[in-house]
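**Q** have a look; sequence and predicted model below, questions after that.
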Amino acid sequence: MKIISVHEGVVPISSSIRNAWIDFSSMDCSIVAVVSDVMRDGEPVVGYGFNSNGRYSAGEILRRRIIPRLLDAEPESLLSEDGQLDPTRAWDFVMKNEKPGGHGERSVAVGVMDMALFDLASKIAEQPLYRWLSDRHGDGTPDEKVFVYAAGGYYAPGKTLRDLQDEMKRFLDQGYSVVKMKIGGTDLHQDLARIEAVIEVLDGDASRLAVDVNGRFDLATALEYGRAIEPYGLFWYEEVGDPLDYQLNATLSEHYRGPIATGENLFSLQDARNLIRYGGMRPDRDYIQVDPALSYGLTEYLRIQDMLKQHGWSSRRCIPHGGHQFSLHIAAALKLGGNESYPGEFQPTGGFADGAVVQDSYVGLTDTPGIGFESKAAFYKVLRELHT
Ligand SMILES: [Mg+2]
């Protein structure tokens, strides 16, 4: 098995929504296609990857460093002992001459490529990724369905409390029972009114509502909001301070008794380990949200899972950011706690298979080989255009 060519491009995933830090008016995303010499039905088997959402495209790093290094690797050096493509072997080649630390955009570029290699390897094996992965890195009995929650509740121009409630009702109608909304983009008084409006839609059950600050608060505001929202008993209080401010998170965890979630902007094993060492995260209630697509791919995510296990954490405490098919497979195979979902947002890249049905906040996986981009028609069209 040999890689014949790698193609890279950019798609807009822009939107008028806004969280406490950024608007998404110019958000875009890198996509790659890795073409192999394996032929099926007269066509080469191709692996695809993209960089989740929330970080911009990383084309420059892909074109100048990651793709040339991958193509320079001896084809046999990417294969395991049984002669099959082993995506984890690409790491040493694509990371050649890269210093440690400062992960940022580089981890995004490597993550896109890593996703495409895992898609390719499981397609060549004619297995959906979650089964392929469960056999190699899990216990061989993947979950058949995955918990998903609907992330929305963004700020948008002219959006009223009624609009917010209608949005949440739509999520419930689509089969989600747990929903998430943004906070921290206005003052506490208005945010509490927004939170209470959503709790009303949830028939008063605040344990089905998560709130997300997107890293906006300083310690004083984190504690002030924490005191105000603790009595509700929310699903979680997410990314409250700067993602790398472990001391803030640790102090918050001493005061806020409900679950805390964070990690979507930690892009490496080292950063995730520092969160566990210094961030005060509590393995009995808190959640780790590292997004495998943004953080050097599944290869690095497997290392993060090992680290968590060493520190006594269950894989069920992990619910990745991103709302994409790659993490859905990973969640099923590695028995994570679930996966995010953004119904209708970040198209064409985000979301699950076109026919996917969410029931009681769980979604099943399909038997499509690989990650299953082929069963997401609008996105597949864009991906195919990369190499045909
Ligand atoms: Mg978030």
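**A** Structure's in. What do you need? Numbering: from 1, shown residues only.

**Q** which SS state does Asp37 fall under?
**A** strand (DSSP: H, G, I helix; E, B strand; the rest coil).

**Q** how much space separates it from Arg316?
**A** 40 Å (Cβ to Cβ, to the nearest Å). Just so you know, the C-beta spots here come from the backbone N, C-alpha and C atoms, and that holds for glycine as well.

**Q** looking at the two, which one has more neighbours?
**A** Arg316 (14 against 11; other Cβ atoms under 10 Å).

**Q** can you pull the contacts of the more buried one?
**A** For Arg316, the contacting residues are 335-337, by Cβ atoms under 8 Å, 6 or more residues apart in numbering.

**Q** try it again with 10 Å
**A** Shown in contact with Arg316 (Cβ atoms under 10 Å, 6 or more residues apart in numbering): 147, 287, 331, 334-338.

**Q** that one - that's part of a strand, no?
**A** No - applying three-state DSSP, one finds Arg316 to be helix, outside a strand.

**Q** from Ile260, how far out is it?
**A** As judged by Cβ to Cβ, Arg316 and Ile260 stand 16 Å apart.

**Q** what do you get for Asp28?
**A** For Asp28 relative to Ile260 (Cβ to Cβ), the value is 31 Å.

**Q** who has more neighbours out of the two?
**A** Ile260 (23 against 18).

**Q** where exactly do the strands run in the stretch 1-150 of the chain?
**A** Assigned by DSSP state E, counting those that start in this stretch, the stretch 1-150 of the chain shows strands spanning 3-12, 28-40, 43-50, 145-151.

**Q** no, scratch that, I was asking about the stretch 251-388 of the chain
**A** Remark: strands assigned in the stretch 251-388 of the chain by DSSP E, counting those that start in this stretch are 260-262, 287-288, 339-341, 358-359, 362-364.

**Q** how far off centre is stretch 178-193?
**A** 22 Å (Cα atoms, centre = their mean, to the nearest Å).

**Q** pLDDT (mean, whole number) over that stretch?
**A** Here stretch 178-193 scores 98 as its mean pLDDT.

**Q** again, but for stretch 314-326
**A** pLDDT averaged over stretch 314-326 gives 97.

**Q** buried residues in it, which are they?
**A** By 16 or more other Cβ atoms under 10 Å, the buried positions in stretch 314-326 come out as 315, 317-326.

**Q** isn't Ala58 right up against Ser52?
**A** No - Ala58 is not in contact with Ser52 according to Cβ atoms under 10 Å; the separation is 11.2 Å.

**Q** how many residues are close by the residue lying closest to Thr88 once chain neighbours are set aside?
**A** In this structure, Thr88 finds its nearest non-sequential neighbour in Thr299, 4.6 Å apart by Cβ to Cβ, 6 or more residues apart in numbering. Here the count is done by other Cβ under 10 Å, and Thr299 has 21 residues near it.

**Q** over to Asp203?
**A** By other Cβ under 10 Å, 8 other residues sit near Asp203.
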